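Visitor: This is a predicted model, with the sequence first.
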Amino acid sequence: MDYKKNIKKILILLVIGISLAGSYFIYKKIKDPVAIYDVVIQVRDQKNPDPVEDARSSMKIGDVVAVRETGSEWSQSEKIGFLILKMKLKKSQVGKLTMVETKKLNLEEAKAKKIITDEMVNNMTKEEMEERLIEDVRARKYRINVESLGFEASQLKSGQPFADQEFDWSLVVEKTKK
């Protein structure tokens, strides 16, 4: 008799566990839905003679310039100046594609770089101070690995080379720290 009660309890717990796991996955899918986006990608390196400013503000090959919903109209100059890929992405991934790489400075570093003065320290709130202590390091934290596609900018002369293909996050790489 006790054996049958234990089996029932185990089955009930198993059903509850499976239900909870299923509910979690459904919740994640609803909370972070997947959609198709047009991702506009830099195909030529921008250059600045100052290496620090070059890293901070110059877009490099593979950097994402913009992300729009699929079906957007593109001008001829956009079509020949940028690689435009259709990518299946979670909503949470979209913002990462245009994310600037930053680093947090300490107060002494910020003063040395003349980002903050003693007078500013006395007149700023803690939130304002925290915001000032964040410095842009690189124009983008992530890039599209266009090299893995065998892509070269000269291909754009004859149209978008991957117009009929759909890609996913596996094409995205985090840039290595400098």
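Guide: Right, received. Where do you want to start?

Visitor: so Lys88, which of the three states?
Guide: strand (DSSP: H, G, I helix; E, B strand; the rest coil).

Visitor: And for it, the neighbour number?
Guide: 14 (other C-beta atoms under 10 Å). Backbone N, C-alpha and C define where each C-beta goes, glycine included.

Visitor: residues contacting Gln155?
Guide: Counting by C-beta atoms under 8 Å, 6 or more residues apart in numbering, Gln155 makes contact with Pro161.

Visitor: does the closest residue in space to Val146 that isn't next to it in sequence count as helix, strand or coil?
Guide: What sits nearest to Val146 in space, not counting adjacent residues and going by C-beta to C-beta, 6 or more residues apart in numbering, is Gly62, at 5.0 Å. Assigned by three-state DSSP, the conformation of Gly62 is coil.

Visitor: now Gly62: how far from Ala112?
Guide: Using C-beta to C-beta, to the nearest Å, Gly62 is found at 33 Å from Ala112.

Visitor: same question, Trp74
Guide: Distance from Trp74 to Ala112, by C-beta to C-beta: 44 Å.

Visitor: ok, and for stretch 132-150, which residues are buried?
Guide: Residues of stretch 132-150 classed as buried: 132-133, 137-144, 146, 149 (neighbour count, 16 or more other C-beta atoms under 10 Å).

Visitor: what is the rounded mean pLDDT of it?
Guide: Taken as a whole, stretch 132-150 carries a mean pLDDT of 94.

Visitor: same thing with stretch 78-92?
Guide: 95.

Visitor: Stretch 100-119 now?
Guide: Stretch 100-119 comes out at a mean pLDDT of 90.

Visitor: Contacts for that stretch next, please.
Guide: By C-beta under 8 Å, 6+ apart, stretch 100-119 touches 121, 129, 132-141, 175.

Visitor: repeat that for 6 Å
Guide: For stretch 100-119, contacts defined as C-beta atoms under 6 Å, 6 or more residues apart in numbering pick out 132-138, 141.

Visitor: Quote the end-to-end distance of that stretch.
Guide: 29 Å (C-alpha to C-alpha, to the nearest Å).

Visitor: Point me to the helix or strand that includes the closest residue to Phe162 other than its chain neighbours.
Guide: Once flanking residues are discounted, Phe162 sits nearest to Leu85: 5.7 Å by C-beta to C-beta, 6+ apart. Using DSSP states H and E, Leu85 falls within strand 82-90.

Visitor: packing partners for that strand?
Guide: strand 34-42, strand 166-168 (3 or more C-beta pairs under 6 Å, 6 or more residues apart in numbering; DSSP states H and E).
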